[in-house]
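Participant: I need the structure of the sequence given here:
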Amino acid sequence: MPARDSLADIQFLLTEVLCAPAQWQALAPFADTDGGLAAQVLDEAAKFVDTAVAPLQRTGDEVGCRFEAGTVTTPPGFRDAYQAFWQGGWPSLSCAPDDGGQGLPAVLECVLFEWLAGANHGWTMAPGLLHGAYECIKHHASDALKAQYLEKVATGEWLATMCLTEAHAGSDLGMVRTRGTPQPDGSARVNGSKIFISGGEHDLTDNIVHLVLARLPDAPAGPKGLSLFLVPKVLQDGSRNAVVCERIEEKMGLHGSPTCVMRFDDATGWLVGEPNKGLAAMFVMMNAARLHVGLQGIGLLEAAWQKASAYAAERRQMRAPGAKDTSLIQDHPAIRRILHTQRAWIDGGRVLAYHTALQLDVAKHHPDAAERAAAQRWCALVTPVLKAALTDQGFHGASACLQVFGGHGYVSEWGIEQIVRDVRVAMIYEGTNEIQAIDLLVRKVLADGGQGLAALLAALPGKAPTAAASARRHALVEITQTLAIAAQTDPELPYWVADDYLRAVALVLLEWAWGQIGAARDATAAPDRWSAPAQAFAQWVLPEFDLRAGILRQRIAQAFEVRPKEAASA
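Facilitator: I've put the predicted structure just below:
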């Protein structure tokens with residue numbers, strides 16, 4: 001997927017649709033970062049992605065990682081590309097200059113990682129957790145740990161992992177059994193096993209910083225008893241820590257990324273943050289990862305669309321309606337519908353993801369407390385929507401793009417089947433999409449009776465909504481309010497409908513995004529390139545809102561009917 005092929009689109013979305021330079025220049029740390037500088041950064045980033053990372057895509061899939069006696073060798077070219085990556089300063093784009101970073105807006109890093117995922121998802125898994133690890137160490141580690149590890153992680157000289165999952169626990173972190181035993185010197189001895197650890201062992205960097213959830217000896221049961229420990233692969237004296245990779249998994253996709261089973265045998269580690277508050281520290285890392293996973297959905301869908309669009313422009317099959325001769329398949333309405341629909345998701349999804357990245361910086365740096373609070377509300381509510389909706393569409397949209405190839409898409413020659421295999425995992429990790437939906441509805445929306453969501457919808461910036469868009473926003477608020485009431489007598493109800501609810505929220509937000517694209521297109525006389533996906537969104541994507549709203553209303557009505565009868569019979 002050539003990153004440069006999407007550079008003009010992204011520049012239009014950043015400068016004309018979101019007015020991103022003006023937004024970030026209003027924040028003190030980025031006052032000197034003008035649009036010209038940002039454009040230069042993205043231009044160089046696209047060159048690096050296209051020349052250093054994308055050519056390794058097929059090799060990573062076909063050769064894969066090799067495991068032998070506890071060591072992992074990545075595919076040919078992966079280490080050289082990674083060394084060039086961190087030495088070129090790419091991992092540290094948005095890290096603070098005091099920590100070895102470049103102090104640029106978060107949205108530029110988001111564009112970079114979207115491109116990287118689309119170019120070579122397996123390779124990108126290695127640096128994918130770096131920024132989250134950086135934020136976690138920066139905000140929760142002791143001064144001594146920060147002095148030793150923060151700059152190495154910020155610059156990417158050392159890679160990092162997030163060690164949560166255990167074989168018996170899955171997503172239920174309250175069942176974690178790994179132990180951390182304090183030592184007289186202030187360190188801890190960490191013992192236990194973790195599974196599904198991306199990049200747990202590799203040859204890309206000289207050290208790996210593992211952030212491990214574990215329990216202190218006197219910790220209470222459940223998630224409130226978890227602490228976080230920093231456990232390096234190599235200790236300060238150069239000796240190997242007691243961290244062992246037992247094996248790497250054979251996977252459906254992502255063959256260029258080693259997914260490891262890790263064992264900690266009295267490994268030396270240090271507490272990060274306060275005892276028994278490890279989840280709070282880890283969630284800093286997890287939330288950063290969730291936005292990046294949403295961007296993976298966009299990047300991989302863009303890659304699939306590029307391949308399908310190119311194929312449709314050269315392959316001839318049958319006659320399109322009204323044609324006299326054999327037609328290019330891009331002239332067939334069925335193919336146009338597929339391609340324009342995926343384009344609608346990519347373009348609208350980018351607006352939402354980039355706006356979220358801008359809000360991350362507002363939440364950190366804006367001088368006005370009310371602005372910071374509003375930005376934080378946006379990030380809290382929208383991040384699970386981005387992660388779930390964009391990865392869901394990334395997989396199903398890539399599968400639709402494979403359909404454009406017919407039988408040729410099912411063989412490896414064209415590369416589209418690799419994208420379908422690689423993107424599937426994004427719906428699973430960093431919390432399955434079902435968990436994201438529950439997080440959105442149960443923990444965030446219903447916690448305040450839907451007031452936060454209503455405030456977010458009322459404050460959506462930019463062009464005023466159409467009457468139809470206003471009606472959909474009103475409907476979503478009304479459904480939320482009645483759902484909150486029904487849940488009081490039917491506690492299971494939100495868990496049944498969380499997926500439908502998240503999808504409805506995503507569609508309302510995408511409608512806002514396309515409204516902003518339309519306004520910018522009208523104001524700038526932008527190329528006609530935006531018309532077809534805009535129409536596809538209106539015709540083939542947005543009508544799903546009525547379906548989801550109908551499901552939600554029907555299930556709410558059933559709750560109001562059934563629960564009182566059950567209570568009376570009891």
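Participant: only C-alpha atoms for contact and neighbour calcs from this point on.
Facilitator: Will do.
Participant: Show me which positions of stretch 414-428 end up buried.
Facilitator: 415-427 (16 or more other CA atoms under 10 Å).
Participant: should've said stretch 326-343
Facilitator: 327-332, 335-343.
Participant: average pLDDT across the helix or strand harbouring Lys138?
Facilitator: Assigned by DSSP states H and E, Lys138 belongs to helix 130-140. Average pLDDT, helix 130-140: 93.
Participant: Packing partners of that helix?
Facilitator: Contacts defined by 3 or more CA pairs under 8 Å, 6 or more residues apart in numbering; DSSP states H and E place helix 130-140 against helix 151-155, strand 159-163, helix 278-312.
Participant: That helix to helix 278-312, inter-axis angle?
Facilitator: 160 degrees (axes from the mean of the first three to the mean of the last three CA atoms, to 10 degrees).
Participant: Helix 130-140: what's the following helix or strand?
Facilitator: Toward the C-terminal end, the helix or strand that comes next after helix 130-140 (DSSP H and E) is helix 143-145.
Participant: Tell me the buried residues in that next one?
Facilitator: Under 16+ other CA under 10 Å, the buried positions of helix 143-145 are Leu145.
Participant: and Val541, how many neighbours?
Facilitator: Per other CA atoms under 10 Å, the neighbour tally for Val541 reads 18.
Participant: element containing the nearest residue to Val382 once chain neighbours are set aside, please.
Facilitator: Nearest non-adjacent residue to Val382, counting by CA to CA, 6 or more residues apart in numbering: Thr356, 7.6 Å away. If you go by DSSP H and E, Thr356 is part of helix 333-365.
Participant: Quick one: distance of that helix to the chain centre.
Facilitator: When C-alpha coordinates are averaged (CA atoms, centre = their mean, to the nearest Å), helix 333-365 and its chain have centres 12 Å apart.
Participant: So which elements touch that helix?
Facilitator: helix 20-25, helix 106-119, helix 278-312, helix 369-404, helix 493-524, helix 531-536.
Participant: Please repeat the previous calculation with a cut-off of 7 Å.
Facilitator: helix 106-119, helix 278-312, helix 369-404, helix 493-524, helix 531-536 (3 or more CA pairs under 7 Å, 6 or more residues apart in numbering; DSSP states H and E).
Participant: in the shortest one, what counts as buried?
Facilitator: The one in question is helix 531-536. Buried, per 16+ other CA under 10 Å, within helix 531-536: Ala532, Pro533, Ala534, Ala536.
Participant: Which neighbouring elements make contact with that helix?
Facilitator: Using 3+ CA pairs under 7 Å, 6+ apart: helix 531-536 touches helix 333-365.
Participant: Could you give the average pLDDT over the helix it packs on?
Facilitator: 97.
Participant: Taking helix 369-404 as reference, get the angle to that helix.
Facilitator: 160 degrees.
Participant: Quick one: work out the angle between helix 333-365 and helix 493-524.
Facilitator: 100 degrees.
Participant: which regions of the stretch 451-570 of the chain lie under the pLDDT threshold?
Facilitator: Residues of the stretch 451-570 of the chain meeting the criterion pLDDT under 70: 562-570.
Participant: May I see the buried residues of helix 531-536 organised as CSV, with distance to Asp185 added?
Facilitator: As requested, these are arranged in CSV below (distance: CA to CA, whole Å):
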residue, distance to Asp185
Ala532, 65
Pro533, 61
Ala534, 62
Ala536, 63
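Participant: Closest one of the residues you listed to Gly256?
Facilitator: Set against Gly256, the nearest of these by CA to CA is Pro533 (33.1 Å).
Participant: Please give me every residue in contact with the closest one.
Facilitator: For Pro533, the contacting residues are His340, Thr341, Arg343, Ala344, by CA atoms under 7 Å, 6 or more residues apart in numbering.
Participant: And for the first one, nearest residue in space, chain neighbours not counted?
Facilitator: Closest residue in space to His340, ignoring its immediate chain neighbours: Pro533 at 4.8 Å, by CA to CA, 6+ apart.
Participant: what do you get for Gly269?
Facilitator: Val231 (4.3 Å).
Participant: before we move on, what about Glu16?
Facilitator: Ala520 (5.8 Å).
Participant: Kindly report the same for Met162.
Facilitator: Nearest non-adjacent residue to Met162, counting by CA to CA, 6+ apart: Leu211, 5.2 Å away.
Participant: ok so the one you found is a strand residue?
Facilitator: Yes - the assignment for Leu211 is a strand, going by DSSP: H, G, I helix; E, B strand; the rest coil.
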